[in-house]
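Undergrad: Quick one: sequence plus predicted model below, questions after.
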Amino acid sequence: MKSEANSVQSEKSSAPSKAARTKRIAVLCSLLAATALVSCVSITRTVVAPPSIPGATYVGSDTCSQCHENVTKGFHTATHARLKAPGANAADVGCESCHGPGSVHSESGGAHHTIVNPRKSPETCFQCHLDKRGEFNLPHHHPVLEGKISCGDCHDPHKGQAVLGGGTAMATEFDTCGRCHTAQRGPFVFEHEAVREGCTTCHAIHGSVNPRMLKERSSVVCLKCHFQQQTTAGRIVIGGSDHTTRLPRGTCFSAGCHEAVHGSQIGSSLRF
Ligand code: HEC
Ligand code: HEC
Ligand code: HEC
Ligand code: HEC
Ligand code: HEC
Ligand code: HEC
Ligand code: HEC
């Protein structure tokens, strides 16, 4: 644990404290994480006590594999497996970085209430992803802290990419989000091409200050792609159509206009 972690600790040690609540820094943080491999993470660990079972000590991932082979066998492909530093003093990363020290659990043969399960509490994730606690506290958020859904519904901690359907793999993002949000999933007769770029084009998935977890307030979310043209006659044209009298009526997606933002069965102008 010590070796790799400490080498990046100094250059980044100011990140987590300031980072706490803003998305911009969150992004910066994850960019840094991508380049520096071991991130913010190792620092916050020393500050915030991780959830754990009283009296338990670290046993190392090899012990877990004796009984959870189905989980351990794919773990080397997981994003979080990169945190697993080699060597004898690396026992506290790997499985136990999220599940806490596992000696009591292992010795009891897997008795109930002897190990942390992040499905029941995201605290274990926040010890490293401190900024996420802030995001889930924003006025409009996925109800993770309320216990209605868990990080694990959208993230795979055990194998492959941690962000399910991440990157440009739109089909899989449909699968991830569409599992719970069937109405937005389609298929639609008239698709909105923007949705193909991913739900995260418009939504701040963890939480946002804006209603519907939108990344931008009001019509700005649309106008970043749909150019607003001001003609010499003082008219405002969007998408080749005169919007001068329409804009004061409300946002693009309210006021009886393009309410079917995700796609429409009725018409190409995205109405219900
Ligand atoms: C001696 C066997 C054994 C070892 C070693 C073991 N487990 Fe388990 N574990 C079990 C059994 C049995 C269960 C209960 C399975 C069930 O309920 O389906 C379990 C359940 C769990 C659960 C779910 C608990 C819950 O409350 O939902 C987690 C998480 C877990 N183990 C993680 C680990 C980790 C991490 C390690 C290594 C530190 C580990 N286990 C080592 C046998 C073991
Ligand atoms: C990045 C954090 C993280 C790491 C590292 C991690 N787990 Fe998990 N684990 C989770 C989460 C989150 C869940 C709950 C999954 C869910 O919400 O369905 C979980 C659930 C489990 C369960 C309960 C059964 C299940 O599948 O739901 C077992 C057993 C388990 N993990 C074992 C392991 C073992 C063994 C390792 C090491 C190879 C490991 N975990 C590493 C986060 C982690
Ligand atoms: C011990 C610290 C630690 C814990 C605990 C931890 N993470 Fe991470 N996580 C990291 C680091 C470091 C990275 C960046 C890894 C990289 O980019 O190589 C990361 C990356 C991620 C990513 C982004 C992956 C990507 O492809 O951009 C997600 C999503 C994530 N973690 C979710 C979780 C969830 C959910 C939990 C709790 C179940 C959790 N993490 C617990 C350290 C941790
Ligand atoms: C409703 C689905 C969903 C839930 C629930 C969720 N996430 Fe995410 N998360 C995503 C998506 C989608 C991305 C990719 C974001 C993007 O591409 O803009 C992401 C990205 C991330 C990242 C990497 C990029 C970043 O923003 O730093 C981390 C770390 C992360 N999530 C942690 C968590 C933790 C910790 C939890 C639980 C407390 C959680 N997530 C719950 C969907 C979710
Ligand atoms: C496990 C189920 C689940 C998954 C997966 C999921 N969500 Fe949600 N989502 C919810 C719940 C529950 C709410 C809160 C609904 C409420 O409070 O009425 C919600 C709320 C939302 C809202 C705000 C709705 C409103 O009326 O304000 C948006 C936007 C959203 N989710 C988008 C997404 C996107 C995009 C994804 C994929 C990255 C996703 N969700 C994945 C369960 C899920
Ligand atoms: C082009 C931007 C955009 C994209 C891409 C997008 N959304 Fe939305 N979404 C919106 C807007 C705008 C609203 C608010 C609509 C309203 O208030 O009537 C919304 C509302 C929602 C809601 C709340 C329920 C509702 O319909 O009002 C959910 C859930 C949702 N979106 C999920 C998703 C999912 C899942 C995806 C990916 C398949 C996605 N969104 C992609 C712009 C978008
Ligand atoms: C990521 C870029 C992007 C965003 C954001 C976006 N759109 Fe689009 N939209 C497109 C593309 C691309 C098309 C298809 C090409 C075209 O018709 O301009 C399209 C088409 C449309 C159409 C159909 C035009 C027609 O007559 O065929 C409407 C209506 C529309 N968008 C409304 C909206 C609304 C409302 C929002 C905000 C909630 C929005 N768009 C956000 C990219 C975007």
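TA: That came through fine. Numbering: from 1, shown residues only. Ligands and ions are numbered 1, 2, ... in the order given.
Undergrad: The residue of the chain found nearest ligand 2 in helix, strand or coil?
TA: Nearest residue of the chain to ligand 2 (C-beta to the nearest ligand atom) works out as Gly152 at 2.3 Å. The C-beta positions use only the backbone N, C-alpha and C, and glycine is treated the same way. Secondary structure, DSSP: H, G, I helix; E, B strand; the rest coil: Gly152 is helix.
Undergrad: Check the contact between it and Ser121; I expect there is one.
TA: No. Contact criterion C-beta atoms under 8 Å: Gly152 and Ser121 do not qualify, at 11.4 Å.
Undergrad: Read off the pLDDT value for the closest residue to Glu135 other than its chain neighbours.
TA: Nearest residue to Glu135 in three dimensions, chain neighbours excluded: His206, at 3.8 Å (C-beta to C-beta, 6 or more residues apart in numbering). If you check His206, the pLDDT there is 97.
Undergrad: So which residues of this structure form helices?
TA: 2-12, 15-19, 23-36, 40-47, 61-65, 69-72, 95-99, 103-107, 123-126, 130-135, 170-178, 182-185, 193-196, 220-223 (DSSP state H).
Undergrad: Would you mind measuring from the residue of the chain most remote from its centre to Arg246?
TA: What lies farthest from the middle of the chain is Ala233; by C-alpha atoms, centre = their mean that is 45.5 Å. To Arg246, Ala233 is 16 Å away according to C-beta to C-beta, to the nearest Å.
Undergrad: ranges for the strands of the stretch 151-272 of the chain?
TA: For the stretch 151-272 of the chain, applying DSSP state E, counting those that start in this stretch gives strands covering 190-191, 207-208, 228-230, 236-238, 241-242, 263-264.
Undergrad: Distance to Arg271 added to these, as CSV?
TA: Shown next, in CSV, are the strands of the stretch 151-272 of the chain (distance: least, C-beta to C-beta, whole Å):
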stretch, distance to Arg271
strand 190-191, 9
strand 207-208, 25
strand 228-230, 20
strand 236-238, 16
strand 241-242, 14
strand 263-264, 6
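Undergrad: do you know which of the ones you listed lies nearest ligand 5?
TA: strand 207-208 (8.6 Å).
Undergrad: Who are the packing partners of that closest one?
TA: With contacts taken as 3 or more C-beta pairs under 8 Å, 6 or more residues apart in numbering; DSSP states H and E, strand 207-208 sits against strand 140-141.
Undergrad: ok, and does the strand it packs on reach over to ligand 6?
TA: No. Strand 140-141 is not in contact with ligand 6 by C-beta under 6 Å from any ligand atom; minimum separation 10.0 Å.
Undergrad: Can you give the strand pairings for that strand, parallel or anti for each?
TA: strand 207-208 (antiparallel) (DSSP bridges).
Undergrad: near ligand 3, which residues of the stretch 151-272 of the chain show up?
TA: Residues of the stretch 151-272 of the chain lying near ligand 3 (C-beta under 6 Å from any ligand atom): 151, 155, 157, 161-163, 166.
Undergrad: Need the buried ones from the residues you listed selected in ChimeraX.
TA: For the buried members of these, the matching ChimeraX selection, counting by 16 or more other C-beta atoms under 10 Å, is:
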select :151,155,157,163,166
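Undergrad: Ligand 6 contacts on the stretch 151-272 of the chain?
TA: So the stretch 151-272 of the chain meets ligand 6 at 174, 177, 181, 184-185, 194-195, 199, 201-203, 212, 214, 221, 253, 259, 261-262 (C-beta under 6 Å from any ligand atom).
Undergrad: Now with 5 Å, please.
TA: 177, 181, 184, 194-195, 199, 201-202, 212, 253, 261 (C-beta under 5 Å from any ligand atom).
Undergrad: would you list those residues in JSON lines and tack on distance to Gln229, neighbour count and pLDDT?
TA: As requested, these are arranged in JSON lines below (distance: C-beta to C-beta, whole Å; neighbours: other C-beta atoms under 10 Å; pLDDT from 0 to 100):
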{"residue": "Cys177", "distance to Gln229": "33", "neighbour count": "21", "pLDDT": "91"}
{"residue": "His181", "distance to Gln229": "33", "neighbour count": "12", "pLDDT": "94"}
{"residue": "Gln184", "distance to Gln229": "29", "neighbour count": "16", "pLDDT": "91"}
{"residue": "Ala194", "distance to Gln229": "19", "neighbour count": "19", "pLDDT": "91"}
{"residue": "Val195", "distance to Gln229": "24", "neighbour count": "20", "pLDDT": "90"}
{"residue": "Cys199", "distance to Gln229": "28", "neighbour count": "21", "pLDDT": "91"}
{"residue": "Thr201", "distance to Gln229": "22", "neighbour count": "13", "pLDDT": "92"}
{"residue": "Cys202", "distance to Gln229": "22", "neighbour count": "21", "pLDDT": "95"}
{"residue": "Arg212", "distance to Gln229": "27", "neighbour count": "12", "pLDDT": "95"}
{"residue": "Phe253", "distance to Gln229": "20", "neighbour count": "19", "pLDDT": "91"}
{"residue": "Val261", "distance to Gln229": "21", "neighbour count": "17", "pLDDT": "94"}
